[in-house]
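Novice: A predicted structure for the sequence below; I have some questions about it.
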Amino acid sequence: AQKITQTQPGMFVQEKEAVTLDCTYDTSDQSYGLFWYKQPSSGEMIFLIYQGSYDEQNATEGRYSLNFQKARKSANLVISASQLGDSAMYFCAASGYSTLTFGKGTMLLVSP
Amino acid sequence: KAGVTQTPRYLIKTRGQQVTLSCSPISGHRSVSWYQQTPGQGLQFLFEYFSETQRNKGNFPGRFSGRQFSNSRSEMNVSTLELGDSALYLCASSLSYRAQETQYFGPGTRLLVL
């Protein structure tokens, strides 16, 4: 079983600044995946980035990067150059044996 | 490729009724998972199907059931609806059930139980 902790209920950032959203996880699985999803007010969960437990390099996808520190069991999401459209809920999730376990989420608000 | 589609997008039901939600996965994806999202409980796993077989089930009462068809489309059913079943129901598909497979979500079905 996995447990995901997102300690920041809300974050504010100004447009064009970078922001880090925190995520720590707890799992007994040797092989697992870590994911970040974005959920705008419309409700759809949008996949952002994935990190495998055996990947040595941090994952990057455009403006998104995942700061993976396995020993600390942390998988923080870094958004560079924030845009107004980045305002949304962000969920960290871990997979094990095909089910996803989600954190409570962080609401990100980007101001002009 | 078309994304995951869910129908209907919105539903209003009354207590005691039953409801069926439908999910069509991305073409080629054989694994379909369902999640319930509420303000109080967050995102919770309901069940997962692969090749028409339920592989995993979350901690939900037997009123929640599902199935998957040979074309990978999936339905979930909730019988004897309760007020607490009001939620956003999200369906996700992936190529397989491996932990490293990315799950892609549909737009969700918003269910309101009166």
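Specialist: Looks like it arrived, so ask away. Numbers count the residues shown, from 1 in each chain, chains lettered A, B, ... in the order given.
Novice: Was I right to think B:Gln44 contacts B:Tyr35?
Specialist: Yes. Between B:Gln44 and B:Tyr35 there is a contact at 6.4 Å, judged by C-beta atoms under 8 Å. All C-beta atoms are positioned from the backbone trio N, CA, C, and that covers glycine.
Novice: what residue is smack in the middle of chain B?
Specialist: With distances taken as C-alpha atoms, centre = their mean, chain B has B:Trp34 as the residue nearest its mean C-alpha position (3.2 Å).
Novice: so who does the residue nearest to that residue when sequence neighbours are not counted touch?
Specialist: Among residues not flanking B:Trp34 along the chain, B:Leu46 sits closest, at 4.1 Å (C-beta to C-beta, 6 or more residues apart in numbering or on different chains). Taking C-beta atoms under 8 Å, 6 or more residues apart in numbering or on different chains as the criterion, B:Leu46 is in contact with B:33-36, B:57-58, B:60, B:64, B:66, B:76, B:89.
Novice: So what's the residue count around B:Phe69?
Specialist: When neighbours are counted by other C-beta atoms under 10 Å in any protein chain shown, B:Phe69 registers 12.
Novice: Do you know the pLDDT at it?
Specialist: With respect to pLDDT, B:Phe69 has a value of 97.
Novice: Chain A versus that one, what's the distance?
Specialist: Separation of B:Phe69 from chain A (C-beta to the nearest C-beta, to the nearest Å) stands at 19 Å.
Novice: Hmm, B:Glu52 and that residue touching each other?
Specialist: Yes. B:Phe69 sits in contact with B:Glu52 when judged by C-beta under 8 Å, with a separation of 6.9 Å.
Novice: Now do the helix or strand hosting B:Leu90: everything it contacts.
Specialist: According to DSSP states H and E, B:Leu90 maps onto strand B:87-94. Contact partners of strand B:87-94, identified using C-beta under 8 Å, 6+ apart, comprise A:43, A:45, A:98, A:100, B:4, B:6, B:21, B:23, B:25-26, B:29, B:31-38, B:43, B:46, B:72, B:74, B:76, B:101-106, B:108-111.
Novice: Could you count how many residues lie near B:Gly62?
Specialist: The burial count for B:Gly62: 7, using other C-beta under 10 Å.
Novice: again with A:Thr5
Specialist: A:Thr5 has 14 nearby residues by other C-beta under 10 Å.
Novice: hang on, it packs against A:Gly103?
Specialist: Yes. With contact defined as C-beta under 8 Å, A:Thr5 counts as touching A:Gly103 (6.2 Å).
Novice: Lovely, talk soon.
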